[in-house]
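>>> Sequence and predicted model, in that order:
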Amino acid sequence: MSFFKKIFSSSKKITEKAEVEKPKINLALDDSFVHFFIENNGKFLYCSHQEEVNQNLINILQENAWEKALCFDEDLQKLLFIAGVDSTKKQTSLTPFFTTCEHLIAKDGSILFSSNQLKDIKLSELPLHFIVFAKTSQIVNNNDDALTSIKNLYKNKLPSNISPIKNYDPNKKSEDFMDYGNNNSKNLYLLLLEDL
């Protein structure tokens, strides 16, 4: 073996040892979702019963001094009433958007919405602040599972405006090439109710 081969082959072994791969994280769907959601700067509040949802909602609204919230869902408007906050259908930049979602995606911690929540408004046109109410039964593994579920659930009346939020830090730009020019970053609180 030549002198150069010995040098280069031994340095290759050293660099192979130095390049330690990150261990794969194998978590349950809910653990995986929470891990990636928090990693993407989401604010997560786990609730084991409805009273906790109500109290956490009150705390979020008081902490941010929000006196009203944009809300299209009649059931959620009742929660706002319990919290002592007015609901409105007129959006402003200072008013948070209180909504449900279609699914929570475990693979990347994103939240999927549709026209059922957003109506015909683009995510980028909605307020910067979101409060999302979801249940653990809405967690799916990936986008394919979410879209299949939507297709099965709504059969002949598929919703439009299907859009995800993947980044929960409005000051951070997405590094994903597929998101170029589509900044859906929101300051987002998630109220997750255990229903399984």
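Cool, got the structure. Residues are numbered from 1 along each chain as shown.
>>> By mean pLDDT, point me to the weakest helix or strand of this structure.
Lowest on mean pLDDT, DSSP states H and E among the helices and strands of the chain sits helix 3-18, with a mean of 51.
>>> any idea which helix or strand comes after that one?
Next in sequence after helix 3-18, counting helices and strands by DSSP states H and E, comes helix 29-39.
>>> can you give me phi and psi for H129?
In terms of degrees, to the nearest 10, the main-chain angles of H129 are phi -100, psi 130.
>>> My read is that it contacts A65, right?
No - H129 lies out of contact with A65 (CB atoms under 8 Å); the separation is 11.6 Å. Where C-beta positions appear, they are placed from N, C-alpha and C, glycine not excepted.
>>> If you count surrounding residues, which of the two has more?
Shown here are H129 and A65; by other CB atoms under 10 Å, H129 has more neighbours (21 against 7).
>>> What residue, apart from its backbone neighbours, is nearest P164 spatially?
Excluding the flanking residues, the one nearest P164 by CB to CB, 6 or more residues apart in numbering is S110, at 4.4 Å.
>>> Contact partners for that neighbour?
Each residue near S110 by CB atoms under 8 Å, 6 or more residues apart in numbering is listed here: F36, N40, L104, P164, I165, K166.
>>> mind checking how far it is from D31?
Going from S110 to D31 by CB to CB, to the nearest Å gives 16 Å.
>>> Show me the strands in this protein, by range?
Listed in chain order, the strands of the chain (DSSP state E) span 43-47, 68-70, 86-88, 97-99, 103-105, 110-113, 129-135, 139-140, 163-165, 187-193.
>>> Off-centre distance for stretch 158-167?
11 Å (CA atoms, centre = their mean, to the nearest Å).
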